[in-house]
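Chemist: show me how the following folds:
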Amino acid sequence: MTNKERLATETVQVECAIESSDRWGMKLKSVRPPITVTLVAPASLAHSAGIAQGDVIVGVDGQSHEGPSLAYVQKALREGGPRALTLCRSALSVIARFLAPSFSPHVREAAATALGCVSSFYPPAQLLLIQCGTLPLLLPCLPPPSPPPLLLATADALTNAALNPLNHPTLSSSSLISHAVPLLRHDNEDIRWKAAQLLSLLLSGSLSLSPPPPPAQLFLDAGGRDALQACLSLSPATTVSGAMGRPGAREYAVSMLAELSVHCH
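Modeler: All right, here's what the predicted structure looks like:
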């Protein structure tokens with residue numbers, strides 16, 4: 001097993017206590033054990049207890065067996081008194097916690113770089129990157145006030161996630177597209193290239209439909225066409241990525257504008 005595979009599959013066991021309630025502030029999903037936390041509401045009991053999206057519940061009050069059933073967990077959380085949960089947490093989820101704004105830009109950059117490296121050309125990690133709840137932590141790293149190294153590392157991790165088509169519904173329905181469009185105007189060529197690559201992956205196929213589906217309409221509403229024109233004027237005809245045999249920002253922009261000119265009026 002390579003280090004990349006180990007990081008993508010490694011888990012840590014976490015113990016936490018939560019007061020039982022009819023409103024614990026998290027959504028659970030399970031056909032059979034294990035039980036996955038799919039959503040944690042801010043300022044909820046679950047959030048206060050340290051439970052995170054992507055956590056897997058493997059035990060309640062020290063009882064694990066082969067993993068508790070969903071009905072058992074729901075019943076236990078509704079009964080009176082505090083409950084001790086045993087959680088299994090992905091290593092990627094642990095790394096993603098260092099993306100929080102409370103950490104320095106250098107720490108956040110290191111976390112984004114690690115997520116990008118693990119998910120590079122490794123589809124299981126690309127899927128897990130979104131499943132374990134990193135998207136809400138990555139998005140705040142994209143606005144231009146973030147330093148370029150953090151922007152680039154974040155865009156790289158998100159682009160890797162977009163390489164897996166199974167992630168497209170989640171990525172396209174978030175605010176990612178409107179966050180990425182302004183980066184097409186960034187004065188850093190590498191950032192423009194990553195933004196163009198990311199948008200090209202998310203919009204591929206959707207720009208060929210008329211009327212444009214929601215992802216393409218989001219792109220247009222965010223000023224995507226003008227941003228692509230700006231990207232063209234800022235990007236040299238020959239870029240480093242283009243010289244290496246890969247499309248550069250200019251090539252992505254030309255391709256997307258050509259598709260828009262045919263299908264979106």
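
Chemist: okay, residue 6: pLDDT?
Modeler: With respect to pLDDT, residue 6 has a value of 77.

Chemist: that one: which element?
Modeler: Applying DSSP states H and E as the criterion places residue 6 in helix 3-9.

Chemist: next one: that helix to chain centre, how far?
Modeler: 18 Å (CA atoms, centre = their mean, to the nearest Å).

Chemist: what helices or strands is that helix leaning on?
Modeler: Under the contact definition 3 or more CB pairs under 8 Å, 6 or more residues apart in numbering; DSSP states H and E, helix 3-9 sits against helix 91-96, helix 105-119, helix 123-131. To be clear about C-beta, it is placed using only N, CA and C from the backbone, and glycine gets the same treatment.

Chemist: can I get these in a markdown table with mean pLDDT and mean neighbour count?
Modeler: Output for those, formatted as a markdown table (pLDDT from 0 to 100; neighbours: other CB atoms under 10 Å):
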| stretch | mean pLDDT | mean neighbour count |
| --- | --- | --- |
| helix 91-96 | 87 | 22 |
| helix 105-119 | 95 | 21 |
| helix 123-131 | 88 | 21 |
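
Chemist: ok, which stretches of the stretch 151-265 of the chain are helices?
Modeler: Under the criterion DSSP state H, counting those that start in this stretch, helices of the stretch 151-265 of the chain are mapped to 168-173, 176-180, 189-203, 214-221, 224-234, 240-243, 249-263.

Chemist: winner for burial among the ones you listed?
Modeler: With neighbours defined as mean count of other CB atoms under 10 Å, the helices of the stretch 151-265 of the chain peak in mean count at helix 189-203, which reaches a mean of 24.

Chemist: what sits up against that one?
Modeler: Identification of contacts with helix 189-203 by CB atoms under 8 Å, 6 or more residues apart in numbering yields 148, 151-152, 155-156, 158-159, 162-163, 168, 171-172, 176-177, 180-181, 183-186, 215-216, 219, 224, 228, 231, 234-236, 239-241, 247-249, 252-253, 255-256.

Chemist: now it against helix 105-119, angle please.
Modeler: Between the axes of helix 189-203 and helix 105-119, defined by axes from the mean of the first three to the mean of the last three CA atoms, to 10 degrees, the angle is 50 degrees.

Chemist: helix 189-203: how far from the chain's middle?
Modeler: Helix 189-203 has its C-alpha centroid displaced from the chain centroid by 15 Å (CA atoms, centre = their mean).

Chemist: before we move on, what about stretch 153-166?
Modeler: Distance, centroid of stretch 153-166 to centroid of chain: 7 Å (CA atoms, centre = their mean).

Chemist: what mean pLDDT does that stretch get?
Modeler: On average, stretch 153-166 scores 95.

Chemist: pretty sure residue 76 contacts residue 83?
Modeler: Yes: between residue 76 and residue 83 there is a contact under CB atoms under 8 Å: 5.5 Å.

Chemist: re the thing from before, quickly, which of the helices of the stretch 151-265 of the chain bottoms out on average pLDDT?
Modeler: Among those, helix 240-243 scores lowest, with a mean of 52.

Chemist: burial count for the residue nearest to residue 99 when sequence neighbours are not counted?
Modeler: Nearest residue to residue 99 in three dimensions, chain neighbours excluded: residue 137, at 4.1 Å (CB to CB, 6 or more residues apart in numbering). By other CB atoms under 10 Å, the residues close to residue 137 number 23.

Chemist: tell me which element residue 137 is part of?
Modeler: Assigned by DSSP H and E, residue 137 falls in helix 135-138.

Chemist: next: residue 77.
Modeler: helix 70-78.

Chemist: if you count neighbours, what's buried in that helix?
Modeler: 70, 72-73, 76-77 (16 or more other CB atoms under 10 Å).

Chemist: between these, which sits nearest residue 46?
Modeler: Among the buried residues of helix 70-78, residue 77 lies closest to residue 46 (CB to CB), at 9.3 Å.

Chemist: returning to what we had before: so who does the residue nearest to residue 99 touch?
Modeler: Here residue 137 is in contact with 96-97, 99-100 (CB under 8 Å, 6+ apart).
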